[in-house]
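Colleague: make a model of this:
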Amino acid sequence: MVKRLKDHQAERHQGLSRSSIRDIILGFQDGLVNTLGLVLGVASAVQNNKLVLISGLVTTVAESISMAAVAYTSTKAAHQFYESQLEREKQEIEEIPYMEVQEIRDIYYKKGFRGKQLEGIVRKITSNKKLWLETMMAEELKMFPGDYDKPLKSAFIVGISAIIGSLVPVFPFFFLDVKMGMGSALLFSVIVLFIVGALKAKITIGNWKKNGIEMAVVGTLAALAGYIIGSLLGVVYA
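Modeller: Reported below is the predicted structural model:
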């Protein structure tokens with residue numbers, strides 16, 4: 001039974017250790033949406049292909065560095081919080097084991113276990129302090145070490161993903177004039193955002209069509225805001 005419980009926790013860790021996928025989506029989505037709004041705003045204001053490319057590429061670099069830094073600090077802070085919660089659970093197991101035993105019993109009671117089967121599970125888990133602690137962290141606090149233990153890796157993934165996402169709306173301006181570039185950037189970005197939203201739903205839980213549309217709408221609103229502001233500034237400073 002202990003082996004089955006450990007295997008169950010390993011599966012949970014593996015499923016939630018897909019934080020790398022979360023980082024990819026986060027960096028890509030933010031990089032694309034932010035840069036899309038900016039390049040359309042600049043394009044509508046100046047009508048100059050070179051200026052659009054310069055602003056887009058500068059934003060790409062700045063966006064990726066900023067997001068990587070945020071990913072690093074937030075993951076590191078989350079890791080420190082995880083460690084503090086881990087120490088707290090260790091202390092409670094040592095000082096008030098009867099309460100922690102009851103918490104294990106309550107956890108598995110809610111899962112549908114009863115009678116001798118429930119008590120057997122409780123005895124098996126609480127006879128192994130490492131398993132006991134892992135169970136409390138995973139089942140009570142819903143916290144998993146794989147989500148927080150590599151801030152540098154998270155920063156790298158988010159930063160690279162932000163670069164790739166930011167280049168999506170910039171790419172058309174390398175080959176097209178401003179007017180055609182704007183239309184292509186918007187269309188290409190909305191399609192990519194829909195695909196990313198759909199993939200996000202497939203990886204996590206959700207309706208792929210709904211998530212895809214939501215993400216595409218976010219991109220469209222960002223583009224619209226950028227375009228309106230750019231157009232107004234273009235009129236003011238013309």
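Colleague: where does M143 land in three-state SS?
Modeller: Secondary structure, DSSP: H, G, I helix; E, B strand; the rest coil: M143 is coil.
Colleague: who are the contact partners of it?
Modeller: Y82, Q85, M137 (C-beta atoms under 8 Å, 6 or more residues apart in numbering). Placement of C-beta: from N, CA and C, glycine included.
Colleague: quick one, phi/psi of it?
Modeller: In terms of degrees, to the nearest 10, the main-chain angles of M143 are phi -120, psi 130.
Colleague: any idea how far it is from Y72?
Modeller: Distance of M143 to Y72, computed by C-beta to C-beta, to the nearest Å: 19 Å.
Colleague: in helices, which of the contacts of M143 appear?
Modeller: In helices, judged by DSSP state H, the following of the contacts of M143 are found: Y82, Q85.
Colleague: which of the contacts of M143 count as buried?
Modeller: In terms of neighbour count (16 or more other C-beta atoms under 10 Å), the buried residues within the contacts of M143 are Y82, M137.
Colleague: can I get the contacts of M143 in a markdown table with pLDDT and distance to I195?
Modeller: Converted to a markdown table, these look like this (pLDDT from 0 to 100; distance: C-beta to C-beta, whole Å):
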| residue | pLDDT | distance to I195 |
| --- | --- | --- |
| Y82 | 82 | 33 |
| Q85 | 83 | 37 |
| M137 | 84 | 35 |
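Colleague: closest one of the contacts of M143 to G181?
Modeller: Relative to G181, the closest of the contacts of M143 is Y82; by C-beta to C-beta it sits at 45.3 Å.
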